[in-house]
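A.B. asks: Next input, structure requested:
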Amino acid sequence: MAHQVSPVRFCNARVWLETGVSDISLTSHLSPLPSEKPLPSEKTRQSTRDRYPFLDEPDCPVEMHALVGRRISMFHEYSKLYPQLREAKDLKELSEVCGKLLAAYIDNQQCFRELDYYQKHRRVLGRHPFLRNYKQIAGLRAKTTRQLMEERKRTLDNIWRADNEIRKGDKPHLNAQRRQRIEQYQLKLQEIERLLAM
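C.D. replies: From the prediction side, this is the model:
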């Protein structure tokens, strides 16, 4: 008996993937991408400096400038991945693209939330994972050499654990989050090793 498959879209791809459908042609079940809402081009988007004028102020925290850079990177990644939804050949590839796309979109929205909060309250909210890592790295500078060695071992174990989860291949829709965790652990490890070398 053939499975009834709903159209795959960005928001319900995970639900669709969890139904267990595996041997189908994905392109026959994809609904057309909405043509009335294309991705914003450089000409139609509002300038970041116009939207957030505090970026030009001399007392603007470095974290806000770093968040703007991250937001732009995530938008470009999202723009690059979005057309790949239609090009997916199998469920594994679709799951991987959806995971990366969702991670980039969520990260971009978290950056907006942080920037909007700062514009309204003139304080850093600090809920974005990037800012938490920034605080965590700043906290590493206050640790002793022994504490840094212990933290280095824990960080290496965490990198191994996340990498092992990816290699197992189960739950491929979580691989984008796992790669992001590995990236955060590697940044932390670089800072630990830099501090230990001093």
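
A.B. asks: domains in the chain, as residue ranges please.
C.D. replies: Under the assignment automatic domain parsing, the domains of the chain span 7-30+46-125, 141-198.

A.B. asks: Would you single out the least confident of these?
C.D. replies: Among the domains of the chain, domain 7-30+46-125 carries the lowest mean pLDDT, at a mean of 78.

A.B. asks: now it, how far from the chain's geometric center?
C.D. replies: Mean C-alpha position of domain 7-30+46-125 versus that of the full chain (C-alpha atoms, centre = their mean, to the nearest Å) differs by 7 Å.

A.B. asks: Name the single longest helix found in this structure.
C.D. replies: helix 91-121 (DSSP state H).

A.B. asks: residues of that helix that come out buried?
C.D. replies: For helix 91-121, the neighbour count (16 or more other C-beta atoms under 10 Å) marks 91, 94-105, 107-108, 110-111, 114-115, 117-118 as buried. Yep, even glycine has a C-beta here, placed from its N, CA and C like the rest.

A.B. asks: Serialize the domains of the chain to TSV and add fields for distance to residue 132.
C.D. replies: TSV is the format used below for those (distance: least, C-beta to C-beta, whole Å):
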stretch	distance to residue 132
domain 7-30+46-125	11
domain 141-198	9
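
A.B. asks: out of the ones you listed, which comes closest to residue 133?
C.D. replies: domain 141-198 (5.4 Å; C-beta to C-beta).
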